[in-house]
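Trainee: I would like to see how this sequence folds:
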Amino acid sequence: MNIRKHLREEPQGHGSALNDILFILLLFFLIISTLANPNVIKLSIPKAKSDTKAKQTVVVSVNDKQQFFVGTNSIPADSLRSAIREVIAKSQDAEPTVVINADKQATADNIVLVMKAAHDLKLRTVLAVDNNSR
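Mentor: Numbers count the residues shown, from 1 in each chain. Below is the predicted model:
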């Protein structure tokens, strides 16, 4: 009669370090996603005291050299309306918005040209400014 018990332990993998690795990866991707900015055109925009946010359907930028950009694509002034129309057609938003990023050195004529193109397409426009209360 065999009275001895079989005291074999079942093999187990240790997963305690896995939680730490997953936490570090989650933190890394959260930080990277906040730093990623799709607008890569460097502009110094005017300052404002109020903070109003709008959904960015189309971003039109005017830099200090009076060049127009729809998104990050440089376009001539005469094809501004058609370029905005193409982006709006792709987005299929219920209330499309044109966000104007204008450099401080951009002339008012160019900003009005963008606003007129958006008005002709019956779109809402928002001028992006820097909030100086921060």
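Trainee: just how off-centre is stretch 77-92 within its chain?
Mentor: Relative to its chain's centre, stretch 77-92 lies at 18 Å (C-alpha atoms, centre = their mean, to the nearest Å).
Trainee: list the buried residues in it.
Mentor: Neighbour counts over stretch 77-92 (16 or more other C-beta atoms under 10 Å) mark L80, R81, A83, I84, V87, I88 as buried. From N, CA and C alone the C-beta is placed, and that goes for glycine too.
Trainee: try stretch 96-109
Mentor: Neighbour-count burial for stretch 96-109 flags P96, T97, V98, V99, I100, N101, A102, D103, A106 (criterion: 16+ other C-beta under 10 Å).
Trainee: any idea which of those is closest to V126?
Mentor: For the buried residues of stretch 96-109, the minimum distance to V126 (C-beta to C-beta) is 5.1 Å, reached by V99.
Trainee: wait, a helix at that closest one?
Mentor: No: applying DSSP: H, G, I helix; E, B strand; the rest coil, one finds V99 to be strand, outside a helix.
Trainee: ok, now which ones touch it?
Mentor: A54, Q56, T57, V58, V59, V60, T125, V126, L127, A128 (C-beta atoms under 8 Å, 6 or more residues apart in numbering).
Trainee: just list the residues touching I75, thanks.
Mentor: F68, F69, A83.
Trainee: greatest separation within the buried residues of stretch 96-109: which pair is it?
Mentor: Maximum distance among the buried residues of stretch 96-109 (C-beta to C-beta): 23.6 Å, for P96 and D103.
Trainee: am I right that F28 is in a helix?
Mentor: Yes: applying three-state DSSP, one finds F28 inside a helix.
Trainee: just use 46 as the starting number from now, easier for me
Mentor: Okay, residue one is now 46; in that scheme the one you just asked about reads as F73.
Trainee: okay, now it: neighbour count?
Mentor: For F73, the neighbour count with other C-beta atoms under 10 Å is 10.
Trainee: mean pLDDT per helix and strand in the chain: which one sits at the bottom?
Mentor: Within the chain, confidence by mean pLDDT, DSSP states H and E is lowest for strand 92-93 among all helices and strands, at a mean of 65.
Trainee: could you point out the helix or strand that follows that strand?
Mentor: Going down the chain from strand 92-93, the next helix or strand is strand 103-107, by DSSP states H and E.
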